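J.: Sharing a model prediction with you, sequence too.
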Amino acid sequence: THCPYCALQCAMRVEPGPGGAPAVRPAEFPTNRGGLCRKGWTAPELLSSPERLTRPLVRTDRAGALAETDWDTALDHVAAKLAGLRERHGPDAVAVFGSGSLTNEKSYLLGKFARLALGTSRIDYNGRFCMSAAAAAGNRAFGLDRGMGFPLPDVASAEVVLLAGANPAETMPPMMGHLAAPRLIVVDPRRSATAEHAAANGGLHLAPRPGTDAALALGLLHSARVQHLLDTDYIAARTTGFEAAWRHAAGFWPEQTEQVTGVPAHRVREAARLLGEARGAYVLTGRGSEQHAAGTDTVAAWINLALALGLPGREGSGYGCITGQGNGQGGREHGQKADQLPGYRRIEDADARAHVAGVWGVEPGGLPGPGPSAFELLDALGTEEGPRAMLVLGSNPAVSAPEAGRVR
């Protein structure tokens, strides 16, 4: 099987351990190469935790205590409540909130259940808070939403890897084995474990003020052009809109970038030179750069830098978004996102609706239209226009959503 935590999905074998309790040992797989981090090694402890629920809990009323019951009773109770609300208030009275931790099969079935059984447009998932800014930027730049367009082991052969807003040394340690050879440029306001690794092994730690990632990306683009490091043939043959992108970067010469971001001008020039002179280089973004009010524009600035250097689509180089949850991308691909049907099909596209309706054996007009995004959905809870029930699978919005207190 695979570790249930981060997007590396490290391979493991689950076997009886001492005393019969489940234990794991690593298995060979491209991401973990026969190793596991602490999360993987300790994953089986959840199976025997005294806090683990093994039976459904139901309240007799909203003020009552939770009491154990059997599955048939619990499922009948939930189904009756959802059906009653739908009958009285319409299909959008019931919302569905999914997860980037669900497998492809579960993501697909949850989206199908929401749109056919419930008929609701109100379905989204916690991946909206994860990497949707990168997805939107990827669609804008490439016409494609893809976390990484290359196998993770490819980065090991690069000379330089820039990590913007990512700290894999702590969040996905097995990835660091693939980053041992390249010189790392780590963009993070904190002196993270990954930044420490970069500084100790011939790389750079660029520590911009929080919220200034886009300005730093523009400054690197400016510096790369001034140092004649851009791939002008690639730009001419394989991109459009460079001059529009340059108009944004023109005002961010290194000293101006230092004023805005706090990153010393000589470090901006050095980072641009390392990226531009490398035989193979990757620009990888993570949640730190994406989860801004203008996260899509921030990621777009990093993508523009990668394109101007001629990295995407070139062997041994590229741009990628480091997925956080186990299946953040699969959750979108298979239909949990408010505006997408399975296979990245836009829900308002007539041909896409007809195709999916044919597979499901329904009329295209019977499928709901696009619904609110995850934040908009949660923000509507408790309002007159909001849903009256919400089915949550594999997520914990009362802890992890914005304004969690209000969500509760």
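T.: Done, it's in.
J.: okay, CA-based contacts and neighbour counts for the rest of this
T.: Will do.
J.: and for the longest helix belonging to the chain, what are the contacting residues?
T.: Across the chain, the longest stretch assigned as helix under DSSP state H is helix 71-89. With Cα atoms under 8 Å, 6 or more residues apart in numbering as the test, helix 71-89 has contacts from 55-58, 92-94, 118, 388-389.
J.: cool, stretch 56-64 as well?
T.: 65-71, 74.
J.: neighbour-wise, which of these leads?
T.: Tallying neighbours with other Cα atoms under 10 Å puts Ala74 at the head of those, with 16 neighbours.
J.: what about the nearest residue to Phe129 once chain neighbours are set aside, how many neighbours?
T.: The shortest distance from Phe129 to any non-neighbouring residue, by Cα to Cα, 6 or more residues apart in numbering, is to Gln291 (7.4 Å). By other Cα under 10 Å, 20 other residues sit near Gln291.
J.: Extract the C-alpha trace of the helix-or-strand element of the chain with minimal mean pLDDT and format it as CSV.
T.: Least confident element among the helices and strands of the chain, by mean pLDDT, DSSP states H and E: helix 328-333 (a mean of 83). Taking Å, rounded to 0.1, in the frame of the first residue of the first chain, the C-alpha atoms of helix 328-333 are listed here in CSV:
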residue,chain,number,x,y,z
GLY,A,328,-4.9,17.1,-4.1
GLN,A,329,-4.7,16.9,-7.9
GLY,A,330,-6.8,13.7,-8.2
GLY,A,331,-9.5,15.4,-6.2
ARG,A,332,-9.8,18.0,-9.0
GLU,A,333,-9.3,15.6,-11.9
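J.: for that helix, packing partners?
T.: helix 104-112 (3 or more Cα pairs under 8 Å, 6 or more residues apart in numbering; DSSP states H and E).
J.: mean confidence for the helix it packs on?
T.: Confidence for helix 104-112, expressed as mean pLDDT, is 96.
J.: and that helix, what other elements does it pack with?
T.: helix 328-333.
J.: which element follows the helix it packs on toward the C-terminus?
T.: Sequence order places strand 340-341 as the next helix or strand after helix 328-333, per DSSP states H and E.
J.: neighbouring contacts of that following strand?
T.: In contact with strand 340-341 (Cα under 8 Å, 6+ apart) are residues 111, 332-335, 346-347, 352-353, 356, 370.
J.: before we move on, back to that, specify which member of the contacts of helix 71-89 is nearest to Pro173.
T.: Pro173 has its nearest neighbour among these in Arg55, at 34.3 Å by Cα to Cα.
J.: so how far is Thr69 from that closest one?
T.: 7 Å (Cα to Cα, to the nearest Å).
J.: For Phe113, see how far away the spatially closest residue to Leu110 that is not a sequence neighbour is.
T.: Leaving aside its chain neighbours, Leu110 sits nearest to Gln336 (7.1 Å; criterion: Cα to Cα, 6+ apart). According to Cα to Cα, Gln336 stands 10 Å off from Phe113.
J.: Can you pick out the residue with more neighbours from these two?
T.: Gln336 (32 against 14).
J.: these two touch, right, the more buried one and Asn126?
T.: No. Between Gln336 and Asn126 there is no contact under Cα atoms under 8 Å: 9.5 Å.
J.: what's the overlap in contacts for the two?
T.: Counting by Cα under 8 Å, 6+ apart, the residues touching both Gln336 and Asn126 are Gly98.
J.: which ones are touching the most centrally placed residue in the chain?
T.: With distances taken as Cα atoms, centre = their mean, the residue of the chain nearest its centroid is Met131 (3.1 Å). Listed by Cα under 8 Å, 6+ apart, the contact partners of Met131 are 286-287, 290-291, 321, 323-324, 328.
J.: from the residues you listed, which ones fall inside helices?
T.: 287, 290, 328.
J.: any idea which helix or strand carries the closest residue to the last one other than its chain neighbours?
T.: What that stands for is Gly328. Once flanking residues are discounted, Gly328 sits nearest to Gly100: 4.0 Å by Cα to Cα, 6+ apart. When elements are assigned from DSSP H and E, Gly100 belongs to no helix and no strand.
J.: and the gap between Gly100 and Pro30?
T.: Counting by Cα to Cα, the gap from Gly100 to Pro30 is 21 Å.
J.: okay, these two: which has more neighbours?
T.: Gly100 (28 against 15).
J.: Please, where are all the strands along the stretch 51-200 of the chain?
T.: 57-59, 66-68, 94-98, 123-125, 160-164, 183-187 (DSSP state E, counting those that start in this stretch).
J.: Is my assumption valid that Leu381 occupies a position in a helix?
T.: No. Applying DSSP: H, G, I helix; E, B strand; the rest coil, one finds Leu381 to be coil, outside a helix.
J.: mind listing what it touches?
T.: So Leu381 contacts 387-388, 407 (Cα under 8 Å, 6+ apart).
J.: Let's see that with 7 Å instead.
T.: Contact analysis of Leu381 by Cα atoms under 7 Å, 6 or more residues apart in numbering lists Pro387.
J.: what's the pLDDT at it?
T.: So, for Leu381, pLDDT stands at 95.
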